[in-house]
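Enquirer: Okay, here's the prediction I keep looking at, along with the sequence it came from:
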Amino acid sequence: TQSTRPQRLLGAVQKNATRGDPRSVVKAIDEFCRHKEWAMNVGDEKGCILDSVVSELNPATVLELGTYCGYSTVRIASLLPPHAKLITLEFNPDYAKIACQVIAWAGLEDKIQLVEGSSAEWIPKMKEHFGVKMLDLVFMDHWKDDYLPDTKLLEDCGLLRKGSVLLADNVICPGSPDYLKYVRRSPRYKSQYFRSHLEYTKAEDGLEKSVFLG
Ligand SMILES: O=C(NCCCCCn1ccc2cnccc21)c1cc(-c2ccc(F)cc2)cc(O)c1O
Ligand SMILES: [Mg+2]
């Protein structure tokens, strides 16, 4: 039977990356997506911006919405301090199965909790189910129409503290106009746009970093 793109991406990781070496996993995926098949990872250019935000923040608790094949999951987790935790949510079970194996190849299972389901279902359960008190960083990379409702849900569930950071991928392409308007207008956020390009292409895209002011 035909393989899927995520399965072929995993194959490229297992063929070209060194077990236990997250940077080689990231490199193998970027090479595959640049030279073989495009895939919707945050990619190397926006990935560097992601790395700088994570490194500066040194977060203890991170929530990622949209795991896909685990590329940004591995990028973030490889920069976390020893006892930090990354919870990553994936709606698509086939993506989750691949991401689980990519994360294992990188040797980052201990830092990452991969959960299958929707943000609407799991955000309200964060505290009771995962013992999460507050989120230091939320990386949004799931359905673009869900960025805004999920931001409001995060606020309502008391998961954001003064200084919590929302980092949203694809605010230009495919775009999340209602989310951008909200975080840029709201007095409760300090927002900043990091201009870049859609992964592996010349099209414009960027990351929006929004600090919750409490
Ligand atoms: O659609 C994108 N990502 C979301 C995939 C589905 C997420 C589903 N999901 C996961 C967790 C979760 C939790 N709750 C509810 C739903 C949830 C995406 C698309 C493009 C893109 C595609 C074509 C094109 F021509 C240009 C750009 C580029 C990106 O970087 C992207 O991220
Ligand atoms: Mg994305």
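Expert: Received the coordinates, thanks. Ligands and ions are numbered 1, 2, ... in the order given.

Enquirer: number of nearby residues for the residue of the chain found nearest ligand 2?
Expert: Nearest residue of the chain to ligand 2: Asp169, at 3.7 Å (Cβ to the ion). (C-beta placed from N, C-alpha, C; glycine too.) For Asp169, the neighbour count with other Cβ atoms under 10 Å is 31.

Enquirer: residue contacts, it?
Expert: With contacts defined as Cβ atoms under 8 Å, 6 or more residues apart in numbering, Asp169 is in contact with 42, 46, 66, 72, 139-141, 205, 207.

Enquirer: Enumerate the residues of this protein near ligand 1.
Expert: Residues of the chain lying close to ligand 1 (Cβ under 6 Å from any ligand atom) are 40, 65-66, 89-91, 118-119, 141-143, 146, 169-170, 173-174, 198-199.

Enquirer: What ranges does this protein have for its helices?
Expert: 5-16, 22-35, 43-57, 71-77, 93-106, 119-122, 126-130, 147-156, 177-185 (DSSP state H).

Enquirer: between these, which one is nearest to Gln113?
Expert: helix 126-130 (6.9 Å; Cβ to Cβ).

Enquirer: Narrow the residues of the chain next to ligand 1 to just the buried residues.
Expert: 40, 65-66, 89-91, 119, 141-143, 146, 169-170, 198-199 (16 or more other Cβ atoms under 10 Å).

Enquirer: Excluding sequence neighbours, find me the nearest residue to Val53.
Expert: Of all residues not flanking Val53 in the chain, Leu167 sits nearest, at 5.5 Å (Cβ to Cβ, 6 or more residues apart in numbering).

Enquirer: tell me the contacts of that neighbour?
Expert: With Cβ under 8 Å, 6+ apart, Leu167 has these contacts: 50, 53, 137-140, 207-210.

Enquirer: Would you agree Asp150 is in contact with Pro124?
Expert: No - Asp150 is beyond contact range of Pro124, at 10.8 Å (criterion: Cβ atoms under 8 Å).

Enquirer: Of the two, which one has the most company?
Expert: Ranked by neighbour count (other Cβ under 10 Å), Asp150 and Pro124 place Asp150 first, with 23 against 15.

Enquirer: Quick one, grab the pLDDT at that one.
Expert: Asp150 carries a pLDDT value of 99.

Enquirer: mind listing what it touches?
Expert: 65, 119-120, 123, 140, 142.

Enquirer: how about the residues you listed in a markdown table, adding pLDDT?
Expert: Below are the contacts of Asp150 laid out as a markdown table (pLDDT from 0 to 100):
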| residue | pLDDT |
| --- | --- |
| Leu65 | 99 |
| Ser119 | 98 |
| Ala120 | 98 |
| Ile123 | 98 |
| Met140 | 99 |
| His142 | 98 |
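
Enquirer: From those residues, list the ones also adjacent to ligand 2.
Expert: Checking those against ligand 2 by Cβ under 5 Å from the ion, not one of them is in range.
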